[in-house]
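In: quick one, fold the following:
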Amino acid sequence: MTEEPARVLLVDDSAFVRRATERMLGPLPGVTVVGVARDGEEALAQVRALRPDLVIMDVEMPGMDGMAALESIMRECPTPVLLLSSHTQAGAEITLRALEAGAVDFMDKGAGTGMDIHALAPLLREKVAAALRARTAPRAAPPHPPRPSPSSSKAGATAAAARQGRYEVVAIGSSTGGPRALAELVPALPAGFAAAVVIAQHMPPGFTETLAERLHRRSPLYVAEARDGDPVVPGTVLIAPGGRQMAVKRAADGTLSIRLWDDPSSLHKPCVDTLFDSVARAVGGAAVGVVLTGMGNDGAEGLARIRAAGGRGLVESARTAVIDGMPSAARGSAERDVDLEEMAGVLASIVGVG
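Out: Sure thing, here's the model as predicted:
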């Protein structure tokens, strides 16, 4: 019996982009475009009528924009949504909001070669294949604890460093579905969390700074996009910049810091395995590795290295992961599966709270 093709709805106010997207999807087996829409109102009507398996939608459109349409879609008939975005500050902000509201993933329309949008075809096909495997079960919005000032956060981090416990670094890796998972996990980490947190989230340049800013506003910890040479100290959360590799290194005096570099040859920038491997080398058994939702196997080898060095290892459960690919690949090296809503509490119990 032949499997029915996946039904895709295209939503963009540009007829050129709609046609180009449909052509890029052409070589993807088992996918068919069943409808198009020019704005959010048309998109919502088409979703109601066609019940597609996937919606590919521009974020910024006249009338009802992608954000408003997404909220209505997730409320009425949850459907995987892949966003088309721009890397402007406004575009990044609304994209992160949409990912937290339930969109599976996004693609930066400006990432093509020059003005050739068709250069995005391989990436689009990869993201469509991932999005079609995604869970779309709605989750409650995470709580927003009171936000201390950056100065008091840094002071708290310094004080926490003085009472550092058994574990020095928690390293987290995520990909598809990661921004939403991080929006739930990071704000739930308690004040006084007695380890540093470093994160590799697969994301292009221009978006990780906005991700860090949004998490910082909600978290009792100090959250920032990492800079080369930043100290890695308890009470801080450092996110690898999109498009670059990040590692943790230990100096002769015992202090830990961030190293960033460009890596044109790597598939993932940042790469979870690269970060995890550096953490295993720098802190050994004082490391905790966490693999969250994502497509592929990035993080599996790195988590194995952390465990081989004597560190701890957790993966997000298949029940809560938007995409279980990365957790599944790393599960053989993990000591346990943890539901996302329980992850912060489990980490606090392992690391301790000062």
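In: for the protein, name the helix or strand with the lowest mean pLDDT.
Out: When each helix and strand of the chain is scored by mean pLDDT, DSSP states H and E, helix 150-162 comes last, with a mean of 39.
In: neighbouring contacts of the helix or strand just after that helix?
Out: Under the assignment DSSP states H and E, the closest C-terminal helix or strand after helix 150-162 is strand 169-174. For strand 169-174, the surrounding residues in contact (Cβ atoms under 8 Å, 6 or more residues apart in numbering) are 181-182, 185, 195-202, 232, 248, 256, 272, 275-276, 279, 282-283, 286-294, 298-299, 302, 306, 326, 347, 351. Every residue, glycine included, has its C-beta placed from N, CA and C.
In: swap the cut-off to 6 Å and go again
Out: Residues from elsewhere that reach strand 169-174 (Cβ atoms under 6 Å, 6 or more residues apart in numbering): 181, 195-201, 272, 275-276, 279, 283, 287-294, 299.
In: model confidence over it, on average?
Out: With pLDDT averaged residue by residue, strand 169-174 scores 98.
In: partner strands of that strand and their direction?
Out: strand 196-201 (parallel), strand 287-291 (parallel) (DSSP bridges).
In: got CSV for these, with distance to Val59 too?
Out: Below are the strands paired with strand 169-174 laid out as CSV (distance: least, Cβ to Cβ, whole Å):
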stretch, distance to Val59
strand 196-201, 19
strand 287-291, 28
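In: those strands: which one's closest to Leu123?
Out: Minimum separation from Leu123 across the strands paired with strand 169-174 (Cβ to Cβ) falls at strand 196-201, 16.4 Å.
In: so which bits of the closest one are buried?
Out: For strand 196-201, the neighbour count (16 or more other Cβ atoms under 10 Å) marks Ala196, Val197, Val198, Ile199, Ala200, Gln201 as buried.
In: can you check stretch 323-333 too?
Out: Ile323, Asp324, Gly325, Met326, Pro327, Ser328, Ala329, Ala330, Arg331, Ser333.
In: surely the first one meets Thr293?
Out: Yes - A contact is recorded between Ile323 and Thr293 when judged using Cβ atoms under 6 Å, the distance being 5.3 Å.
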